[in-house]
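**Student:** need coordinates for the following:
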Amino acid sequence: MFQKRDRNVKIVATLGPASNDYTMIRALFEAGADVFRLNMSHGSHEEITERHRIIRQIEKDVDRPIAILADLQGPKLRCGVFAGDSEELIVGEKFRFDLDSAEGDSTRVCLPHKEIFAALEVGSTLLVNDGKLRLTVDECGPDFANCTVVTGGTISNRKGVNVPDVVLPLAALSEKDRKDLEFVCDLGVDWLALSFVQRPEDVAEARELAKGRAAILSKIEKPAAVKAFAEILEVSDGIMVARGDLGVELPVQNVPPIQKRLTRACRAASKPVIVATQMLESMIESPVPTRAEVSDVATAIYEGADAVMLSAESAAGDFPIEAVTTMNNVAIEVESDETYRSIIEASRGTPIPGVAGGIVSAAREIAETADIKAICCFTHSGTTAALTARERPRVPIIALTPFDAVARRLCLTWGTHCVFTSEVERFKMAVVSAARIAREAGFATSDDQIVVTAGVPFNVAGTTNILRVAPCEERLIFRTEPE
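**Tutor:** Alright, predicted model coming up:
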């Protein structure tokens, strides 16, 4: 009934032309993918619908929850076109961006985004083509920016433009994003990844539109988002450290410490964090990764990230299954290292105040000081499982919930093995159910013990208040459970 993972960190695999049918998507799941990402920048609504259908069919066939994450494109800032398709910008020369729609030349090009000019100041930086070209603003107005080329190179038609050092007066959701958001929420995705987040208000807007149909995951890819991270984290359900654009808009040496800081903050807040972009980039064309890429994946796992993500490697690469397998193998090896445990435990914060925080902290301590095989938590909202994952226990977390949406969203959370279960009315039956699932899923035998946490009264969210160490032999549970 259950494909047991031998690791705690989760793997997010992006679907695309290389992973577009039942056979390949199921192979990716069996290789280790826990969450499938649908990139709304690519693919029609019809293609997205078909991928969603296939994932839900696989979920039914393997009898295990699978999370689906829809990644919204966000506003794309691009320059106009050139009369000769491209021009060479020379260091020290002058170049102008303006609103004139005429084709560009070696001295100017259209930048059809008046919001950028409204935000620019003298000394601001403009980056073109993923930061390969850098220009500094000498003079600007509501419809132009006269610049000096700091880093030269080729500029061509419709290349992307980044403005790293100002907060742009742009909404995180474009008109396309709004349509895509409504479409995927109606389709039934579990997570929405929000691009171009600069401020907490961007997240609030997406949440209002989603109306609870999907959890909101904020992508941190702008310097403004790093500065406002505490506020953004507070209103988000999860975070993605999107190192691609972050590494364009900030000096590359700034990204690793930001990644570490954001990962720890998410863990402290009991919210899942994905580390993303170029993790196994060479595997787009190669069946084996570079040593540096393996080290990069391992570093994110050592830091305690909830998930690591594949982008083009699984969406468009030649070796999608090998990429997922590599991530899976790296995770298993890292998590078996005693250094990993010492790092994870040294970074554990103080327990969350309150009864639920005390219960999950006690569950972890009991599991680590007694011969316990798993922590089984009954959860209605997912909060208890998330709090348990915050503790990063040494034993697996089995999250039991009667709600499909909760089980699927928890697939992104560290260490959680999510199981659909029927509602229970009495704690005795919760223990019986937990023991049966632990045995059937291969986490324990009838000779082992588990920890069970739940809330009484049952079927009420946010009432975690009871913990029991229970044997996995069903007969013993009935005999010892008080009425």
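**Student:** just say helix, strand or coil for residue 334.
**Tutor:** For residue 334, the secondary-structure state derived from DSSP: H, G, I helix; E, B strand; the rest coil is helix.
**Student:** okay, now it: neighbour count?
**Tutor:** Neighbours of residue 334 under the rule other CB atoms under 10 Å: 21. In short, each C-beta sits where N, CA and C put it, glycine included.
**Student:** quickly note the distance from the residue nearest to it when sequence neighbours are not counted to residue 238.
**Tutor:** In space, not counting the residues next to it along the chain, residue 334 is nearest to residue 301; the distance is 4.6 Å by CB to CB, 6 or more residues apart in numbering. Residue 301 is 17 Å from residue 238, where distance means CB to CB, to the nearest Å.
**Student:** and the lengthiest helix in the chain, which residues are buried?
**Tutor:** As assigned by DSSP state H, the longest helix anywhere in the chain is helix 45-62. Taking 16 or more other CB atoms under 10 Å as the neighbour-count basis, helix 45-62 is seen to contain the buried residues 48, 51, 52, 54, 55, 56, 58, 59.
**Student:** ok, for the second one, nearest residue in space, not its chain neighbours?
**Tutor:** Excluding its sequence neighbours, the residue lying closest to residue 51 (CB to CB, 6+ apart) is residue 15, at 5.2 Å.
**Student:** which of the buried residues of helix 45-62 sits closest to residue 194?
**Tutor:** Looking at the buried residues of helix 45-62 and their distance to residue 194, the nearest is residue 48, at 17.0 Å (CB to CB).
**Student:** show me what contacts that closest one?
**Tutor:** Counting by CB atoms under 8 Å, 6 or more residues apart in numbering, residue 48 makes contact with 38, 40, 70, 183, 184, 187.
**Student:** go ahead and confirm residue 157 touches residue 84.
**Tutor:** No - with contact taken as CB atoms under 8 Å, residue 157 and residue 84 are classed as non-touching, separated by 9.8 Å.
**Student:** what sits closest to residue 31 if chain neighbours are left out?
**Tutor:** residue 324 (4.1 Å).
**Student:** got a list of contacts for the helix or strand containing that neighbour?
**Tutor:** Applying DSSP states H and E as the criterion places residue 324 in helix 320-335. Where contact means CB under 8 Å, 6+ apart, the residues beyond helix 320-335 that reach it are 6-9, 11, 13, 18-19, 24, 27-28, 31-33, 279-280, 283, 287-289, 294, 297-298, 301-302, 308, 310, 313-314, 317, 340.
**Student:** those in strands, which ones?
**Tutor:** Residues of the contacts of helix 320-335 located in strands (DSSP state E): 11, 13, 308, 310.
**Student:** what is the least confident helix or strand in this protein?
**Tutor:** Ranked by mean pLDDT, DSSP states H and E, the helix or strand of the chain with the weakest confidence is helix 474-480, at a mean of 49.
**Student:** okay, and for this structure, where does confidence drop off?
**Tutor:** Low-confidence segments of the chain, defined by pLDDT under 70: 1-3, 458-462, 474-483.
**Student:** closest to the centroid, which residue in it?
**Tutor:** Most central in the chain under CA atoms, centre = their mean is residue 274, positioned 3.5 Å from the mean C-alpha point.
**Student:** note down every partner strand of whichever strand or helix holds that residue and its orientation.
**Tutor:** For residue 274, the enclosing helix or strand under DSSP H and E is strand 273-276. Partners of strand 273-276 in the sheet, by DSSP bridges, are strand 238-242 (parallel), strand 307-310 (parallel).
**Student:** so which of those strands gets nearest residue 145?
**Tutor:** Between residue 145 and the strands paired with strand 273-276, the tightest spacing by CB to CB is seen for strand 238-242, at 26.1 Å.
**Student:** how far off centre is the next helix or strand after that closest one?
**Tutor:** Of the helices and strands lying after strand 238-242 in sequence (DSSP H and E), the nearest is helix 243-249. Distance of helix 243-249 from the chain centroid (CA atoms, centre = their mean, to the nearest Å) equals 16 Å.
**Student:** who touches helix 243-249?
**Tutor:** The list of residues contacting helix 243-249 from outside it, by CB under 8 Å, 6+ apart, reads 127, 130-131, 162, 164, 220-223, 226, 255, 258-259, 275-278.
**Student:** what about residue 125, distance to residue 297?
**Tutor:** As it turns out, when the distance is counted by CB to CB, residue 125 lies 31 Å from residue 297.
**Student:** these two: who's more crowded?
**Tutor:** A count of neighbours by other CB under 10 Å puts residue 297 above the other of residue 125 and residue 297, at 24 against 18.
**Student:** skipping its backbone neighbours, what lies nearest the more buried one in space?
**Tutor:** On the basis of CB to CB, 6+ apart, the spatially nearest residue to residue 297 that is not a chain neighbour turns out to be residue 330, at 5.0 Å.
**Student:** what's around that neighbour, how many residues?
**Tutor:** Look at residue 330: counted by other CB under 10 Å, it has 24 neighbours.
**Student:** look at residue 140 and give its secondary structure.
**Tutor:** On the three-state scheme (three-state DSSP), residue 140 is labelled strand.
**Student:** when you give positions from now on, start the count at 56
**Tutor:** In the new numbering, first residue 56, that becomes residue 195.
**Student:** no more questions from me, cheers.
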